[in-house]
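Trainee: Here is the input, now give the coordinates:
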Amino acid sequence: MDHIAQLLYLYGIGYEYHKYTGDHVIFDHQTRLSALKECGVNTDDIDEVNALNFTLDIAKWLTPIEAITLTKEAQPKLTLRLEACSSLSELTISIPALNYHFVCECNNLSEVGDYVYQGTRYVALSVAIAPVVVGYHQAKVTINGQCYETELWVTPEHCYDPISDNKKLLGISVQLYSLKPENSKLSADFFELKELIVLAAGEGVDYILLNPLHLLFVEQPEKASPYSPNDRRLLHPFYISIELLCERFNVDKNVFFKQSNIDKSDRNHSYLDMSRCMNDKLAKLHSLWQYLQNQRNDWDADFKQFCQRKKEELSGFTDDEFARFLQWVAFEQLAHCQLVALEHGMAIGLINDLAVGCADGSSEYESNRSLYAEHARVGAPPDPWAEQGQNWGLPALNPVKLKAERFEFFKQLIRANISGVGGLRIDHVMGLRRLWWCFVSGESQSGCYVYYPFEYLLAILKIESALHKVMVIGEDLGVVPTEIKLAMAESHIYSNILFYFEKDHDDQFLAVEHYKKNALLMVANHDVPPFFGWWEHDDLRLKKQYQLLDERQTSVANAQRETERDKLCRWLSLHGVRGIDLKSEAALVYPALIKVLAQSPAKMLTLQLDDLDCQRLPVNIPGTDKEYPNWRRQLTQTSTEIIAKSQMLIRDAVTSRNL
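Mentor: Numbering: from 1, shown residues only. Below you'll find the model as predicted:
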């Protein structure tokens, strides 16, 4: 292996992949070199290349124990690296914080690997140790009188899983901003979420799946995509409830709601004016913040404790106490909603959503710049909808830098997103293993896969899930590497199924009995049209209106949709549903579809609130930015109205799930 090839391997830069067509693609060498250069490597400097190869490969064999030691809770072991000819007379491990001290057996150790460097053979030895509790522990290892330190990661067998084998749950998914307030408010927040929780729990619903609640761009409200956030470790003040805040501090809420001039026309718009909504919310919050200064003695200690606990995440707000206050309030209100969900009998409560990356120029990116590749951006390889591939514009984390800082950033990220919830959905879970890096040069774009330290990232996910008792769902739509599928199954990371995409080898909708068991099943998500719009072809008409499809493309798309609808009718018939054909109204087809899906083995069936609202407009049209008002569409009815109208459908689904 030559020096550059070795470094490409050590940086996780892919050599090949299989395209959606099944074609075997080998990445162009210059494209792979681009990935190295984006990681700050001068590939023309052979001394630098050799030094990096030494640091990333050879150096770990020249010290007995690595900075991080992974071990399993069920079979705890250490891995030592020693010269093959050396003798081992003393080996102890201690963890002062746990009062743990163990003297290891030095004889008959298992050899699990070796390496030869400059004529000397080094061996990796596996050493059994006494059980240690799950978590990250600062450990001291003494070898023949010489002391070394390592961070011992004790990993559980799998993520926290609250759903027993014979239990099947029903949930609701919603874009929180899309909820329609019942009172004179411009937009929904944690108050409307709390109302939805109580209403849904009363009908037997066990969880609410949310859109990412990440901090967006407060001063640029029109950057509304929850999947291109400002900082994934923080929450968006847009969702703070004035009502809950007034209740928390015993303040008359009517004083603050008088400031809004909301007329009937404001409440009948299909799309939110994000700038007006954000400015209105901030004005109220700032007034309330100033009012609460007189009561500061009552809450200052809790606030300061929060700021200290999240010192790193709040570093961008060092001179902005109001912004830090908003974060404290937002996390408090989210946790309050989760507590309400559990008190009302929900088995899981809230499920948060973690976006795959942060936006270019975001505070998350700027405050952690050293961890990111310079200009590489995350996207997707070529597919039928984008033959040149997709560039999502999300900065790419450097896998080598992540490991060098002991994955502290990734720990922060996971902890922040499992705080105050019962479940975590990870968008594009394949990103834990590999991400498609895009490189733009002039008018051309190239790309390749870059692999991440999956074993470590998965360990963090399992540890944090177990410690916080939060279940994990991985969005695994599209081409999923075999190792990801196996790891998800073994780790009890639930799959995310969309009915539209579950097909057999004949391209027919998959028989419901063949669905995965450990899975969250949905008809659709935010990237595909709601069912009523799909059935009536509204999404295709909308794409034509916005000139995303021409006449010929629209004609082809309509024909394909008719074929899909016909497949659905036949699928329903095969599952015992009669009387549904292409002329049937969506209001008749949708309940029939849910009735069948409720009988699937999937432990989690999720109803989109969009579909219960008979919504036809999408919240997002992938591939658009300015053309369609993405991430702004409101529901047409309040949660009270939607749940009341859908009561029988929800109750029947709950009953079917429990049979």
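
Trainee: Distance of Gly204 relative to Arg296?
Mentor: To Arg296, Gly204 is 43 Å away according to Cβ to Cβ, to the nearest Å. Bear in mind the C-beta positions are built from the backbone N, C-alpha and C, glycine included.

Trainee: the more surrounded of the two?
Mentor: Per other Cβ atoms under 10 Å, whichever of Gly204 and Arg296 has more neighbours is Gly204, with 17 against 10.

Trainee: I'd assumed Arg651 was in contact with the more buried one.
Mentor: Yes: counting by Cβ atoms under 8 Å, Gly204 touches Arg651, with 6.7 Å between them.

Trainee: contacts for the helix or strand that contains Leu33?
Mentor: Element membership for Leu33, per DSSP states H and E: helix 29-38. With Cβ atoms under 8 Å, 6 or more residues apart in numbering as the test, helix 29-38 has contacts from 4, 7-8, 11, 13-15, 43, 373-376, 396, 437, 439, 446-448, 450.

Trainee: Mind checking the pLDDT average for that helix?
Mentor: What helix 29-38 shows for mean pLDDT is 95.

Trainee: Just the buried positions in the helix or strand following that helix, please.
Mentor: Counting by DSSP H and E, the next helix or strand C-terminal to helix 29-38 is helix 46-53. Across helix 46-53, burial judged by 16 or more other Cβ atoms under 10 Å covers Val49, Leu52, Asn53.

Trainee: just these now: which is nearest Glu111?
Mentor: Nearest to Glu111 among the buried residues of helix 46-53, counting by Cβ to Cβ, is Asn53 at 24.6 Å.

Trainee: any idea how far that closest one lies from Tyr117?
Mentor: 12 Å.

Trainee: repeat for Leu234
Mentor: 45 Å.

Trainee: Compare those two (neighbour count), which wins?
Mentor: Ranked by neighbour count (other Cβ under 10 Å), Leu234 and Tyr117 place Leu234 first, with 26 against 13.

Trainee: just the strands in the stretch 451-600 of the chain please.
Mentor: 471-474, 494-498, 519-522 (DSSP state E, counting those that start in this stretch).

Trainee: Tell me which helix or strand in this protein has the weakest average pLDDT.
Mentor: helix 264-267 (a mean of 52; mean pLDDT, DSSP states H and E).

Trainee: Can you list the buried residues in whatever helix or strand comes next after that helix?
Mentor: Following helix 264-267 in sequence order, the next helix or strand is helix 274-292 (DSSP H and E). By 16+ other Cβ under 10 Å, the buried positions in helix 274-292 come out as Met274, Cys277, Met278, Asp280, Lys281, Leu282, Lys284, Leu285, Leu288, Trp289, Leu292.

Trainee: ditto for stretch 438-448
Mentor: Those would be Cys438, Phe439, Ser446, Gly447, Cys448, for stretch 438-448 by 16+ other Cβ under 10 Å.

Trainee: ok, back up a step: mind putting the strands of the stretch 451-600 of the chain into TSV with distance to Glu312 and mean pLDDT?
Mentor: Listed next are those as TSV, based on distance: least, Cβ to Cβ, whole Å; pLDDT from 0 to 100:
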stretch	distance to Glu312	mean pLDDT
strand 471-474	23	98
strand 494-498	30	96
strand 519-522	31	98
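
Trainee: Would you convert these into a markdown table that also reports distance to Asp538 and mean neighbour count?
Mentor: Formatted as a markdown table, those follow (distance: least, Cβ to Cβ, whole Å; neighbours: other Cβ atoms under 10 Å):
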| stretch | distance to Asp538 | mean neighbour count |
| --- | --- | --- |
| strand 471-474 | 29 | 26 |
| strand 494-498 | 18 | 23 |
| strand 519-522 | 19 | 24 |
